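**Student:** sequence and predicted structure are below.
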Amino acid sequence: MPAYPRAELEEMVARWLAANRDAERAGDWIQTLGAMYTEDAEYGWNMGPDQEFLARGRRQITDWALGFHMEGFEQWSYPYEHVLIDEKQGEVIGFWRQVSPATRPDGSHYEVAGIGGSWFLYGGNYQWSWQRDFFDLGNVKALFMELAANGQLDAPVKRKIAKLAKGQAMPGVYPLHPAPGLGGKLKGLYTMARIAMFGG
């Protein structure tokens with residue numbers, strides 16, 4: 001992994017955070033974030049003990065990760081709490097929260113308990129070449145159940161949960177065993193991420 005000037009990584013982070021704020025205001029993740037990935041970037045996350053999500057290339061990232069899988073979350077916010085930059089390895093880790101626009105009777109917003117994050121590999125030209133999200137899936141499910149019980153879970157999210165429950169195919173979702181093959185240098189990084197965050 002190549003080293004990059006610290007100032008360049010800091011500028012990348014500043015652009016990324018600004019783009020995320022713009023996406024939240026616009027309710028459109030594709031138009032503001034899609035161009036911030038290299039053409040051959042990869043983006044994934046874990047979906048529990050049996051499933052993984054992986055998008056290969058900017059087109060799949062925009063269509064699947066920022067498109068299909070963000071349907072129903074257009075008005076959610078994901079404020080970043082802290083960002084760590086490693087310019088020697090060209091890596092960034094950002095820690096964020098997941099906040100629903102829906103509110104409880106006391107006026108507080110529904111929010112996923114705990115904290116999530118994203119691990120990025122910088123690809124130059126102010127674009128990410130790799131991203132791995134991590135979050136507490138149990139807390140996400142618990143919040144969805146609370147929202148559903150109170151009639152505040154958006155219809156697109158309900159449809160996706162129903163598909164998962166029925167074992168229906170969803171874009172980019174693969175059985176965890178075996179995990180989808182990753183080519184080149186990213187295969188080792190992906191494996192390392194799984195070991196570090198999910199115990200292998």
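**Tutor:** All right, it came through fine.

**Student:** would you mind pulling the contact partners of stretch 12-27?
**Tutor:** Contact partners of stretch 12-27, identified using CB atoms under 8 Å, 6 or more residues apart in numbering, comprise 29, 31-33, 36, 74-78, 80, 83, 85, 92, 94, 122, 126, 128. C-beta: built from backbone N, CA, C; applies to glycine.

**Student:** rounded mean pLDDT for that stretch, please.
**Tutor:** For stretch 12-27, the mean per-residue pLDDT is 97.

**Student:** what's the longest strand in this protein?
**Tutor:** Counting residues, the longest strand in the chain under DSSP state E turns out to be strand 37-46.

**Student:** strand partners (parallel or antiparallel) of it?
**Tutor:** Here strand 37-46 has these sheet partners by DSSP bridges: strand 51-56 (antiparallel), strand 128-134 (parallel).

**Student:** now do the contacts for residue 40.
**Tutor:** 56, 57, 58, 129.

**Student:** show the pLDDT at the residue nearest in space to the middle of the chain.
**Tutor:** The centroid of the chain falls nearest to residue 133 when counting by CA atoms, centre = their mean (4.5 Å). With respect to pLDDT, residue 133 scores 97.
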